[in-house]
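K.L.:
return a 3D structure for these sequence lines:
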Amino acid sequence: MNTQQETQRQINMHIVITEKGGSGKTTVVNALASLAKLKEINIKVEDFDPSSKSSFSQLKWANVQKADILGDNKQIDDSKFEYFIDEQLDGDVDYVVWDCGGGTSTQLLNYLQDPLNKSMLKEYISEGVNFFFHIIIAGGDNYVTCADYAEQLLTVTQDLGKRYLVLNEYFDITKEQLKDLKELSQSLSCRVRKFNLIEGNGEAMLKEISACRIQGVPPLEHLSRAALRRFKKTLNNLEFEF
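P.N.:
As a prediction, this is how the structure comes out:
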């Protein structure tokens with residue numbers, strides 16, 4: 001009998017999510033994928049919003065795929081969802097970043113509120129899938145929608161992996177709101193991260209990176225000082241775990 005235990009394959013699923021459009025999800029996805037490229041980590045980006053017009057033209061090297069897990073009723077289809085995760089486990093990519101559109105974010109929350117569906121994800125965790133939920137919070141008029149969604153998602157994912165509240169400081173987040181979010185993070189055991197990039201600034205940063213044309217994203221020394229500062233600040237705050 002072979003007493004050596006076979007090493008279990010591990011795959012990290014980084015889910016960037018919120019119901020509110022224009023809050024910075026795609027910018028965070030771009031930044032995380034770019035950091036992985038710079039670290040020479042094999043990564044894939046999955047766009048979970050079939051109707052979106054988000055541009056990943058600066059991430060041609062990132063193997064961006066359109067993921068379809070919704071059924072005809074616009075709710076998550078069990079078989080499609082399970083097939084998607086099985087496909088990642090059978091592949092050779094160890095890090096998958098999900099860009100969840102507003103509609104998919106809503107349906108994923110609804111899906112996870114069913115105990116049977118949560119049990120299915122726990123089975124995948126036992127098989128080596130690690131889930132990371134990056135929940136975007138924008139201030140201003142978007143704050144209430146983002147914060148309400150975050151609280152619901154944090155509640156249902158307490159035993160499904162690591163969770164982060166990612167605060168987009170470009171949109172004003174008041175001191176009182178920041179205090180409430182810190183209390184929420186403490187009560188539901190998640191971490192708070194910050195960034196200050198909206199879609200336009202993020203795309204400009206990535207274009208500058210891509211312009212060097214050195215097999216995709218170049219080494220950091222090829223960036224301008226301004227782009228390097230923006231890039232490092234965003235990535236350090238997000239603390240993407242590899």
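K.L.:
what's the longest strand along the chain packed up against?
P.N.:
When the chain is parsed with DSSP state E, its longest strand is strand 129-138. For strand 129-138, the packing partners by 3 or more CB pairs under 8 Å, 6 or more residues apart in numbering; DSSP states H and E come out as strand 11-17, helix 25-38, helix 78-90, helix 115-126, helix 143-156, strand 162-168. The way it works is simple: take the backbone N, C-alpha and C, and place the C-beta from them, glycine included.
K.L.:
these: which one's closest to E176?
P.N.:
Set against E176 and scored by CB to CB, the helices and strands packed on strand 129-138 come closest in helix 143-156, at 10.4 Å.
K.L.:
residues in contact with the closest one?
P.N.:
For helix 143-156, the surrounding residues in contact (CB atoms under 8 Å, 6 or more residues apart in numbering) are 17-20, 23, 105, 109, 112-113, 118, 133, 135-138, 163, 165, 171, 173, 177, 180-181, 184, 188, 190.
K.L.:
please indicate which of those residues are buried?
P.N.:
Buried residues within these, defined by neighbour count using 16 or more other CB atoms under 10 Å: 17-20, 23, 105, 109, 112, 118, 133, 135-138, 163, 165, 171, 173, 177, 181, 184, 188, 190.
K.L.:
under the pLDDT cut-off, which ranges of the chain? List them.
P.N.:
Scanning the chain with the threshold set as pLDDT under 70 gives 1-7, 35, 38, 50-63, 195-242.
K.L.:
okay, and the beta partners of the residue positioned nearest the centre of it?
P.N.:
Nearest residue to the geometric centre of the chain (CA atoms, centre = their mean): V16, 2.4 Å. V16 forms beta bridges with D99, H134, as assigned by DSSP bridges.
K.L.:
my guess is it contacts G24, does it?
P.N.:
No: the criterion here is CB atoms under 8 Å, and V16 misses it with G24 at 9.0 Å.
K.L.:
can you check which residues contact both of these two?
P.N.:
Each of I136, V166 lies in contact with both V16 and G24 under the rule CB under 8 Å, 6+ apart.
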